[in-house]
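# after the sequence you'll find the predicted model.
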Amino acid sequence: MRIFAYALRPYDELGYLDALSHELGFEYGWTPDYPTLDNAGLAEGADALCIITNPMTPELLDRYHALGIRGIATRSIGYDHIDVEHARKLGIRIAHAAYPPEGVADYAIMLMLMALRRVKFVQRCAAAQDFSLEGKIGRSLGSCTVGVVGTGAIGSCVVRELQGFGCRVLACDPVEKDELSGLVEYVSLPELLAASDVVTLHAPGLPENRHMIGAGELARMREGAVLVNAARGSLVDTAALLDALESGHLGGAALDTIEDEAGLYYLDRSRDVLAGRDRAALMALPNVVVTPHMAFYTVEDVEGMVRSNIEALLAFAAGEDTPYEV
């Protein structure tokens with residue numbers, strides 16, 4: 001069994017992949033570059049690919065199929081960057097990653113606290129030696145009603161962790177989780193938005209969820225409420241969010257992901273003039289925290305991503321089922 005990994009980070013992922021090759025018995029090759037038609041030949045002789053969130057178009061899939069690739073796993077929970085339907089037509093099995101939910105859940109709660117305590121503004125002032133208190137008063141998370149949109153593994157973890165703060169927690173999800181009984185009250189999305197001081201998004205980036213938070217939804221949110229997104233940028237209409245922030249209707253936002261991230265993460269673009277003015281506008285606001293889609297980035301989660309991908313690809317090679325297949 002030989003696996004070829006694209007866009008592999010040598011400073012963290014490579015170590016886990018190498019350790020797993022000895023533990024589970026497979027050969028591998030790798031490159032830090034993303035897969036393209038030009039470098040597809042690097043995977044010649046491999047049985048399967050391990051990728052990250054780069055587009056896998058029908059043309060790329062055709063090329064890899066011709067090279068003998070029969071399985072592809074992405075080191076991410078989301079897999080909307082892969083043309084899964086075309087892959088299935090070719091007989092290529094697709095898997096996504098799984099990892100402990102605590103990393104993203106912890107980060108989402110950190111973002112809530114940063115927004116509620118105006119940390120970005122406080123740090124900016126401190127850097128300019130402005131140590132005054134005026135305009136920096138915050139709110140206690142425990143005094144807030146928090147609305148959790150999506151109670152999958154990560155959203156459920158957020159619900160459980162919020163219990164330690166003493167919050168009232170509302171949730172919205174098509175499937176109510178029995179294990180959250182007594183911890184959360186399930187309501188409709190409009191009800192959740194109207195009643196929450198903090199709204200945190202943990203829904204998948206499916207086509208039907210695109211812009212689930214748009215101008216109408218933002219208008220329903222409480223005056224001064226905070227929006228947190230550590231899920232997918234496509235969930236929020238960025239232009240509408242900017243309008244809600246600039247009007248003063250929203251009290252703030254804390255975003256680990258926004259729309260139009262392609263070509264930015266996880267690259268050093270510090271010397272470049274970047275397109276996409278919405279990002280610049282959000283980052284300029286004193287009440288908006290924007291981080292580079294790294295809520296997942298813990299040693300536990302990175303190891304889990306690589307391990308779940310490799311276990312899935314080995315199962316594909318053996319003709320076995322795997323819970324990671326999509």
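Alright, I've got the coordinates.
# can you list contacts of stretch 312-326?
Residues outside stretch 312-326 that contact it (C-beta atoms under 8 Å, 6 or more residues apart in numbering) are 1, 3, 24, 26, 47-48, 50, 70-71, 73, 79, 84, 93-98, 308-309, 311. From N, CA and C alone the C-beta is placed, and that goes for glycine too.
# V273 in helix, strand or coil?
Three-state secondary structure (criterion: DSSP: H, G, I helix; E, B strand; the rest coil) places V273 in coil.
# buried subset of the contacts of stretch 312-326?
Among the contacts of stretch 312-326, those classed as buried by neighbour count (16 or more other C-beta atoms under 10 Å) are 1, 3, 26, 47-48, 50, 70-71, 73, 79, 84, 93-98, 308-309, 311.
# narrow the residues you listed to those in strands?
3, 48, 50, 71, 73, 93-95 (DSSP state E).
# tell me which two of the residues you listed sit farthest apart.
Distances among these were taken as C-beta to C-beta; the most separated pair is I3 and I94, at 14.5 Å.
# quick one: the helices in the stretch 1-150 of the chain, in order.
Counting by DSSP state H, counting those that start in this stretch, the stretch 1-150 of the chain has these helices, from start to end: 13-24, 58-66, 84-90, 102-116, 119-127.
# so of those helices, which one's packed in deepest?
A comparison of the helices of the stretch 1-150 of the chain by mean neighbour count, using mean count of other C-beta atoms under 10 Å, puts helix 102-116 on top with a mean of 22.
# quick one: residues in contact with that helix.
Under the contact criterion C-beta under 8 Å, 6+ apart, helix 102-116 has outside partners 119-120, 138-141, 144, 146, 154, 157-158, 161-162, 165, 198, 200, 202, 226, 228, 230, 251-256, 287, 289, 291, 294-298, 300-301.
# looking at those, which are in helices?
Residues of the contacts of helix 102-116 located in helices (DSSP state H): 119-120, 154, 157-158, 161-162, 300-301.
# give me the buried entries from these.
Among the ones in helices among the contacts of helix 102-116, those buried by neighbour count (16+ other C-beta under 10 Å) are 119-120, 154, 157-158, 161-162, 301.
# now render those residues as JSON lines, adding pLDDT.
Listed next are those as JSON lines, based on pLDDT from 0 to 100:
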{"residue": "V119", "pLDDT": "98"}
{"residue": "K120", "pLDDT": "98"}
{"residue": "I154", "pLDDT": "96"}
{"residue": "C157", "pLDDT": "98"}
{"residue": "V158", "pLDDT": "98"}
{"residue": "E161", "pLDDT": "98"}
{"residue": "L162", "pLDDT": "98"}
{"residue": "D301", "pLDDT": "97"}
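# tell me which of those is nearest to T57?
The nearest one, if we look at those relative to T57 and count by C-beta to C-beta, is D301, at 27.5 Å.
# separation between that closest one and A231?
Separation of D301 from A231 (C-beta to C-beta, to the nearest Å) stands at 15 Å.
# which residues in the stretch 201-326 of the chain form strands?
Listed in chain order, the strands found in the stretch 201-326 of the chain under DSSP state E, counting those that start in this stretch are 226-229, 252-255, 288-290.
# out of those, deepest packed?
Across the strands of the stretch 201-326 of the chain, averaging neighbours per residue (mean count of other C-beta under 10 Å) puts strand 226-229 on top, at a mean of 28.
# tell me the helices and strands packed up against that one.
Identification of packing neighbours for strand 226-229 by 3 or more C-beta pairs under 8 Å, 6 or more residues apart in numbering; DSSP states H and E yields helix 102-116, strand 198-201, strand 252-255.
# out of these, flag the one nearest L180.
So among the helices and strands packed on strand 226-229, helix 102-116 is nearest, using C-beta to C-beta, at 13.3 Å.
# by how many degrees do that closest one and helix 119-127 diverge?
60 degrees (axes from the mean of the first three to the mean of the last three C-alpha atoms, to 10 degrees).
# centre of the chain to helix 102-116, how far?
Relative to the mean C-alpha coordinate of its chain, helix 102-116 is positioned 13 Å out (C-alpha atoms, centre = their mean, to the nearest Å).
# quick check: mean pLDDT of that helix?
Helix 102-116 comes out with an average pLDDT of 98.
# what sits against the closest residue to R160 other than its chain neighbours?
Nearest residue to R160 in three dimensions, chain neighbours excluded: L183, at 6.7 Å (C-beta to C-beta, 6 or more residues apart in numbering). Residues touching L183, when contacts are defined by C-beta under 8 Å, 6+ apart, comprise 159-160, 163, 169.
# one more: I310?
Under the criterion of C-beta under 8 Å, 6+ apart, the neighbours of I310 are 3, 17, 20, 24, 26, 50, 73.
# can you lay out those residues as a markdown table showing pLDDT?
What follows is these, written out as a markdown table (pLDDT from 0 to 100):
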| residue | pLDDT |
| --- | --- |
| I3 | 98 |
| L17 | 98 |
| L20 | 98 |
| L24 | 97 |
| F26 | 98 |
| C50 | 98 |
| A73 | 98 |
